[in-house]
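>>> Have a look at this prediction, sequence included:
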Amino acid sequence: MNQQRERLGSRLGFILLSAGCAIGCGNVWKFPWMTGQYGGGGFVLIYILCLLLLGLPVMVMEFALGRASQASPVKMYQKLEKPGQKWHIHGYFALLGNICLMAFYTVVTGWMIHYFIQFLTGNAEGINFVGMITNPGLNVAYLAIAVVLGFGILCFNLQGGLERVTKYMMVILLGLMVVLAIHSATLSGAAEGLKFYLLPDFGKIDGQVIVGAMNQAFFTLSLGIGSMAIFGSYLGKERTLMGESINIIALDSFVALTAGLIIFPACFTFDLEVGAGPSLLFDTMATVFNNMAGGRWWGTLFFLFMVFAALSTELAVFENILACVREMTGWSRPKGSLICGIGMFLLALTTALGYSTFSGFVPFAEGSAWLDFWDFIVSTNLLPIGSLIFAVFCCSKRWGWGWDNFIAEANTGKGLKVKNWMKPLFMYIVPVIIIGLYIYGLATFSWK
């Protein structure tokens, strides 16, 4: 069934929507706890280098594939590969990556909604992260809310549903972050927290820190699983893709770095453990708000912003899943949304019940659960491997689409261009770094 490709209404809509896909729990939940576990400023420095050296080239390539093919990842390669080639197999892995990401991301979104409601209703005094994740009924209920909210919005057309909602959410989110960062700078432990966060300790930088920074760069930009290819396919030819990618990465980095400015001064003020892991954001911010004047309302605002951040990514990735499924089946938006929503809810029950009913599943080291399993599949494997495949396909004339085709697409329109002198970076440096860090990461992973 040949459907008319939907379009975004404005360039701002595209930038905010793509940034919304990139900006989410990866920036404000995962980036701070990884920074805390990997020693602070050194990790931040390596992460920024990974964004520029690896994230930017891969994002330009992924946008180019989407815009040239005008299709989702499942159909994208079939339009661009040479007869007899098998690149399209990666399209199905890209769809799988989006599904596995949402298998835990929807649950984290539910946690954000729960904390928001607890602060809003004035019941946050005794709120406890471990108590929340080990309560099966609560987790299932909030997972259902997160999934229904996401696919409910996507029932409407692209401009009326996804683009309109994301525009407002993103603008409010950015404003809220600035206000909260200014407030954190006034806390008594701000100087010590900012020193830990912004001054690199080069003695703490090792191979695992570098692997973590690369995986986080791909995770925060949603690269390697076709998320950005989808938005490229909704984009017109007016602007070059290098300029648009820089805008999105700048917005994404602003949010991640600002999240650290909010959280680390608070950790040092209230003597909280910076290496606490996934609970860092929840425990830190709840403690902060419960110990400050007007904390209930600050907490309500903060977790409202967290809900916006989580939903902006959830909506974008749900759109990727929906676009792939609709291209394969010809279903309408409402029908696709209903069926994908039910499937997503059932799969995400693994994570929602991973610390209670399904706590017997310990995939890796002691204390790991379904969330760690899904994150391992996505962050450690599908994102870097997918980014590597995009790079090889775009740059290799013999095996793939080819450099000339890629830069012709990337440089169409007004704005910053990909230059020919960048070819060694895209063609050799990016793939070699990804392969080296991927192998090292698997070799040093905490399996048991």
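Sure, I can see it. Numbering: from 1, shown residues only.
>>> ok, longest helix in this protein?
helix 295-329 (DSSP state H).
>>> what separates it from the chain centre, distance-wise?
On the basis of Cα atoms, centre = their mean, to the nearest Å, helix 295-329 sits 10 Å off its chain's mean C-alpha point.
>>> Start at 15, not 1
Done: numbering now begins at 15, and the last item shifts to helix 309-343.
>>> Now it: buried residues?
The neighbour-count check on helix 309-343 (16 or more other Cβ atoms under 10 Å) flags 309-310, 312-341 as buried. Every C-beta, even on glycine, is put in place using the N, C-alpha and C of the backbone.
>>> how close does residue 145 sit to residue 125?
The gap separating residue 145 from residue 125 is 12 Å, by Cβ to Cβ, to the nearest Å.
>>> Between those two, which is the more surrounded one?
residue 125 (28 against 10; other Cβ atoms under 10 Å).
>>> residue contacts, that one?
Contact partners of residue 125, counting by Cβ atoms under 8 Å, 6 or more residues apart in numbering, are 146-147, 156, 296.
>>> Select from the residues you listed every entry located in strands.
Counting by DSSP state E, none of the members of those fall within strands.
>>> Could you single out the nearest of these to residue 237?
Checking these against residue 237 with Cβ to Cβ, the nearest one is residue 296 at 26.6 Å.
>>> That closest one - nearest residue in space that isn't next to it in sequence?
residue 143 (4.5 Å; Cβ to Cβ, 6 or more residues apart in numbering).
>>> and what of residue 54?
Residue 54 sits nearest to residue 210 (Cβ to Cβ, 6+ apart), 4.4 Å away.
>>> what's the burial count for the one you found?
Residues near residue 210, counting by other Cβ under 10 Å: 20.
>>> what do you get for residue 111?
27.
>>> pLDDT value on it, please?
The model reports residue 111 with a pLDDT of 95.
>>> now the angle from the host helix or strand of it to helix 309-343?
Using DSSP states H and E, residue 111 sits within helix 103-134. Put simply, helix 103-134 runs at 160 degrees to helix 309-343, going by axes from the mean of the first three to the mean of the last three Cα atoms, to 10 degrees.
>>> Tell me the buried residues in helix 103-134?
Applying 16+ other Cβ under 10 Å to helix 103-134 flags 104-105, 107-109, 111-134 as buried.
>>> most centrally placed residue in the protein?
For the chain, residue 234 is the residue whose C-alpha lies nearest the centre (Cα atoms, centre = their mean; 4.0 Å).
>>> got the contact list for the nearest residue to that one once chain neighbours are set aside?
Nearest residue to residue 234 in three dimensions, chain neighbours excluded: residue 40, at 4.0 Å (Cβ to Cβ, 6+ apart). Residue 40 sits next to 230, 233-234, 236, 270, 327 when contact means Cβ under 8 Å, 6+ apart.
>>> returning to what we had before: for the residue nearest to residue 54, give me the pLDDT.
97.
>>> That one: which element?
Going by DSSP H and E, residue 210 is part of helix 204-212.
>>> For whichever helix or strand comes after that helix, which helices and strands make contact with it?
Scanning forward in sequence from helix 204-212 by DSSP H and E, the next helix or strand is helix 221-234. For helix 221-234, the elements it packs on are helix 45-51, helix 55-64, helix 397-409, helix 444-457, judged by 3 or more Cβ pairs under 8 Å, 6 or more residues apart in numbering; DSSP states H and E.
>>> The last one - what's its average pLDDT?
Throughout helix 444-457, pLDDT has a mean value of 96.
>>> quick one: that helix to chain centroid distance?
On the basis of Cα atoms, centre = their mean, helix 444-457 sits 20 Å off its chain's mean C-alpha point.
>>> Would you mark the buried spots in it?
Result for helix 444-457 [16+ other Cβ under 10 Å]: buried residues 444-445, 447-448, 451-452, 455.
>>> can I get the CA coordinates of it in PDB?
What follows is helix 444-457, C-alpha atoms only, in PDB (Å, rounded to 0.1, in the frame of the first residue of the first chain):
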ATOM      1  CA  VAL A 444      34.500   6.600  13.200                       C
ATOM      2  CA  PRO A 445      34.300   2.900  12.400                       C
ATOM      3  CA  VAL A 446      37.700   2.000  13.900                       C
ATOM      4  CA  ILE A 447      36.900   3.800  17.200                       C
ATOM      5  CA  ILE A 448      33.500   2.100  17.400                       C
ATOM      6  CA  ILE A 449      34.900  -1.400  16.700                       C
ATOM      7  CA  GLY A 450      37.800  -0.900  19.200                       C
ATOM      8  CA  LEU A 451      35.600   0.400  22.000                       C
ATOM      9  CA  TYR A 452      32.800  -2.100  21.400                       C
ATOM     10  CA  ILE A 453      35.200  -5.100  21.700                       C
ATOM     11  CA  TYR A 454      36.900  -3.600  24.800                       C
ATOM     12  CA  GLY A 455      33.500  -2.900  26.300                       C
ATOM     13  CA  LEU A 456      32.400  -6.600  25.900                       C
ATOM     14  CA  ALA A 457      35.700  -7.900  27.200                       C
END
